[in-house]
Every structure is written in C-alpha cells, then in structure tokens.
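Student: any chance you can model this:
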Amino acid sequence: MEWINSYIDRPLLDGAASGLRAWHIRFGQHPERLEPTWHLAVLSLLLIAAAHFLHDSGFVLCASALAMLALPSVWKLVSSFRVANIYSRREYALHRTRAFTKREAEWSVRMTVLFVSASLPFFAGTADPTGMFFLLGASLWFVLTVPAKFYLQAAEPPEPDEDDRLFQRAVGFG
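Tutor: Down below sits the predicted model:
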C-alpha cells in the first residue's frame, strides 16, 4: 500500500496540483474551470477523430453521444462565469478543505479508477469496425477524463497571493 501511495498516487496528486497552479497563473482562470475545460477539449478531439474515422449513422451516433457528454461540462463552465471571477483566500480555504477530504476519503476510488483506466482500452475489440471505433473512443474518453477529474478534485489548490493576476484585479492593482 505504501508503495502505491508513494509511487503512483502521490506523484499524480502532485502533478494535478501543478496543473491547477499552472492553469491559474498562466491563464488567470479559477482553478475549478480546468476540469470542465479539459473535458471539453478531450471531447472536441474525439469528435474530430470520429469525423475522420466514422461515417453516416456511426458518426451521428458518436456525435450525439459526445454532445450529451459535453452538456455537464458546458453547464459547469457557464455557471462558473455567472459568479465573480475572484479567487480569494476564503475560496482557497474551502477548496483546500474539500481537496483534503477527498484525498483522504477517496484513495481506494482513485486506485480503482486508475486500474479500470489502465485495462479498459484492451477491451475495445469487436468484429464491427464502427463498434470498435465507438468503444475505443469511449475508452479513450474514460481514460483521459475520469482519472483527471478525481485527481484534480483531490489535488492541493493553488494559493492566491500578490503575484496573482486575479488577486490583483480583485484588490484593484490590475
């Protein structure tokens, strides 16, 4: 257990925290917007791949499935832009507490998701080429989005400070 925690879980949590920090500093966006943006980017790439490999009813089925998968992320992004774009100490403390709770309580869930993500692409073989591409796309979607969601939720959020563009805008320096 300690080996899994030291060499798999902890580096992935540190990588997710670094990604949140880079997203927040580089783009000046709230850290909670990274996960739905990543999800929409993956779905966009899968839609491009579906347009390339699938035709007629297979493409329509895939495009409608991708559109349904995109709706929660679009809703999350739209609702996050309705509120103020200020990442304050209070929000940081709230996100840090939530991340600590998820980090401690959902360790086994993260490991299960990683195991399923590692094995899922191997089950995408069928005799029908359209079904094979659809299952391969579904497994790629799962592999690229679900572990990222769990690790971004459990990662340490970036700390707002005076060098932060959002902090400067909120205080009036930006």
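
Student: quick one, what contacts A148?
Tutor: Shown in contact with A148 (Cβ atoms under 8 Å, 6 or more residues apart in numbering): A16, E35, W38, H39. (Glycine included, C-beta is placed from N, CA and C.)

Student: which residue packs closest to the first one, ignoring adjacent ones?
Tutor: Read it as A16. Spatial nearest neighbour of A16, chain neighbours left out: A155 (3.6 Å); criterion: Cβ to Cβ, 6 or more residues apart in numbering.

Student: next up, phi/psi of that neighbour, please.
Tutor: Dihedral pair for A155: phi -80, psi 160, per degrees, to the nearest 10.

Student: could you tell me how many residues sit around it?
Tutor: For A155, the count of nearby residues is 24 (other Cβ atoms under 10 Å).

Student: for it, which residues are in contact?
Tutor: L13, D14, A16, A17, G19, L20, A99, R103.

Student: quick one: the last one and Y151 touch, right?
Tutor: No - counting by Cβ atoms under 8 Å, R103 stays clear of Y151, with 9.6 Å between them.

Student: just the element for the spatially most central residue of the chain, please.
Tutor: Nearest to the mean C-alpha position of the chain, counting by Cα atoms, centre = their mean, stands E35 at 3.4 Å. E35 belongs to helix 34-53 when assigned by DSSP states H and E.

Student: for that helix, which positions count as buried?
Tutor: By neighbour count on 16 or more other Cβ atoms under 10 Å, the buried set for helix 34-53 is 34-40, 42-43, 46-47, 50, 53.
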